[in-house]
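Trainee: dropping the sequence and predicted coords here.
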Amino acid sequence: MVETVTDSEQTTEKAVPGSPLAQRPHQSGPFVGSEVGRLRQVIVHRPGVELLRLTPETKHDLLFDDLLWVRRAQEEHDQFCHVLREAGADVLYLDTLLTETLSVPQARQFVLDHTFDERLFGPAAAPLLRELADSMPHADLAELVISGLTKRELLELTAEPRSVVIHALAMDDLVVAPLPNHLFTRDASCWVYDGVAVNSMQKPARIREAITYEAIYRWHPRFASTSWQRWSDGLTDGQATVEGGDVLVLGDGAVLVGMSERTTPQGVERLAKRLFAEGSADRVVALSMPKSREFMHLDTVMTMVDERSFIEYAGLGTLPSYTITPRENGVDPELKIQDHPPERMHAAIADALGLDHLRILTPEQDLHSAAREQWDDGCNALALEPGVVITYDRTPTSNAFLRDSGIEVHEVPGAELGRGRGGPRCMSCPTQRDPV
């Protein structure tokens, strides 16, 4: 059983052989060597028109619990990015990357082909919408892909297509659905050591987000000119879904994955097999989580704040876990799976890290206060370097406890951003982070 320890206690590393790639020092290309090493480069998405598409009628289908005041959310996001830059991180904006990517003809064709599918728009409207989109400048097309398009806006650009699909819509109904969850850049793609997983998303509202990342990583000069692995499931991979909020890069070849309401066991096994086949990681610990909205992703209940410490929601408890490692069988690696009882959860993670024990940081508070802070992303910390994190200011108890535990905390406003049910870690997709 793993004990809760104080800052003065020391850990003894075990002799666990790590992946050589996990030890690669910082370089100019994409590489994420840990969860808490110095953050060098990160993709974010500033809130935009897509969030104005949220209404009381559409918000649940678009996976939001509330409506955001977009102008204030933009101000809060700007302060978040300011803290990232002050810490030395190169901040890349998703819409800018997409606009630049669309200048590459192959990328433009890819985005158009995968956005205007006749299975979504019908055979009458799909080619006409695609032709209209293809006539747009790069920035306007990027805006259309992310922010969507209503029938009223469509008719301002062209005559109404002779399409049952379009004709049946009311004037302010959406023709092209927006992607408001692009705010949470962590989920649709996540970098793991020397490669990136472009993820098959669990919810229909998020499936198209993978198109954006697939195009950027294939054709944007910043990524296309460097060498790295890409593990892509395209738009859908059936039941084998993985989302980046469930994936923690522990370091030294170890990966922690939550099997949540969004990430399935099938997805975890496929990701592990791909990581092992390329030598990018050599062990994956999977946690079997409750399948509910409040436990949406692993990083909503547990994030790493230094080399051996996690902030953890008191209501998480202990969970069944599995350690997955490669087992050679001829040429292709199979999976060796060891299951652990709930009381061994923390020990399994510590073993993967090569530590005797972890430091689990859980503020002492009553049940209702703990649940409120978890809902407000009190456990969703983004590490800037070991022992230095960004959190929302709306979680004062968690922030004070982190400081008392020796963690340096940079608070950013989250009154509006927090309504989206995602904190600083959710809003960031690191593409360069040092090992530890």
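Mentor: Ah, there it is.
Trainee: contacts, neighbours, all on C-alpha from now
Mentor: OK.
Trainee: what helix or strand is Val83 on?
Mentor: helix 70-86 (DSSP states H and E).
Trainee: ok, residues contacting whichever helix or strand comes after that helix?
Mentor: Using DSSP H and E, the helix or strand that follows helix 70-86 towards the C-terminus is strand 90-93. Strand 90-93 is contacted from outside by 40-46, 81, 84-85, using C-alpha atoms under 8 Å, 6 or more residues apart in numbering.
Trainee: hmm, try it at 10 Å
Mentor: 39-46, 81-82, 84-85, 185, 428-432 (C-alpha atoms under 10 Å, 6 or more residues apart in numbering).
Trainee: can you show me the strands along the stretch 201-350 of the chain?
Mentor: 229-232, 247-251, 254-259, 283-288, 302-306, 309-312, 321-329, 332-340 (DSSP state E, counting those that start in this stretch).
Trainee: using a markdown table, please lay out those strands together with mean pLDDT and mean neighbour count.
Mentor: Listed next are the strands of the stretch 201-350 of the chain as a markdown table, based on pLDDT from 0 to 100; neighbours: other C-alpha atoms under 10 Å:
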| stretch | mean pLDDT | mean neighbour count |
| --- | --- | --- |
| strand 229-232 | 82 | 18 |
| strand 247-251 | 97 | 26 |
| strand 254-259 | 97 | 27 |
| strand 283-288 | 97 | 26 |
| strand 302-306 | 97 | 26 |
| strand 309-312 | 96 | 22 |
| strand 321-329 | 89 | 19 |
| strand 332-340 | 86 | 15 |
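Trainee: I'd like to know which of those strands is closest to Arg419.
Mentor: strand 302-306 (19.2 Å; C-alpha to C-alpha).
Trainee: packing partners of the closest one?
Mentor: Counting contacts by 3 or more C-alpha pairs under 10 Å, 6 or more residues apart in numbering; DSSP states H and E, strand 302-306 packs against strand 247-251, strand 309-312, strand 359-361, strand 382-385, strand 388-392.
Trainee: the inter-axis angle of that strand versus strand 247-251?
Mentor: Counting by axes from the mean of the first three to the mean of the last three C-alpha atoms, to 10 degrees, strand 302-306 lies at 30 degrees to strand 247-251.
Trainee: by how many degrees do strand 302-306 and strand 388-392 diverge?
Mentor: 140 degrees.
Trainee: could you check the angle strand 254-259 makes with strand 302-306?
Mentor: Using the same axes, to 10 degrees: strand 302-306 against strand 254-259 is 160 degrees.
Trainee: what separates strand 302-306 from the chain centre, distance-wise?
Mentor: 15 Å (C-alpha atoms, centre = their mean, to the nearest Å).
Trainee: and if you look at stretch 193-205?
Mentor: 8 Å.
Trainee: pretty sure Leu141 contacts Thr101?
Mentor: No: using C-alpha atoms under 10 Å, Leu141 is not in contact with Thr101; the gap is 11.0 Å.
Trainee: more neighbours: which of the two?
Mentor: Neighbours were counted for Leu141 and for Thr101 using other C-alpha atoms under 10 Å; Thr101 has more, 25 against 22.
Trainee: so that one sits right up against Ile211, yeah?
Mentor: No: here Thr101 does not reach Ile211: they are 11.9 Å apart, not a contact under C-alpha under 10 Å.
Trainee: what sits in contact with each of these two?
Mentor: In contact with both Thr101 and Ile211: 107, 111, using C-alpha under 10 Å, 6+ apart.
Trainee: what helices or strands is the helix or strand bottoming out on mean pLDDT in the chain leaning on?
Mentor: Least confident helix or strand of the chain, by mean pLDDT, DSSP states H and E, is helix 367-375 with a mean of 78. For helix 367-375, the packing partners by 3+ C-alpha pairs under 10 Å, 6+ apart come out as helix 396-404.
Trainee: in this protein, what spans have low per-residue confidence?
Mentor: 1-28, 233-238, 329-333, 375 (pLDDT under 70).
Trainee: how is it carved up into domains?
Mentor: As assigned by automatic domain parsing, the chain contains the domains 20-92+181-433, 96-179.
Trainee: any idea which of those domains is most buried?
Mentor: domain 20-92+181-433 (a mean of 21; mean count of other C-alpha atoms under 10 Å).
Trainee: how far away is His297 from Thr241?
Mentor: 13 Å (C-alpha to C-alpha, to the nearest Å).
Trainee: and the closest residue to Leu52 other than its chain neighbours, what does it touch?
Mentor: Nearest non-adjacent residue to Leu52, counting by C-alpha to C-alpha, 6 or more residues apart in numbering: Val70, 6.9 Å away. Neighbour list for Val70: 47-52, 76, 416-417 [criterion: C-alpha under 10 Å, 6+ apart].
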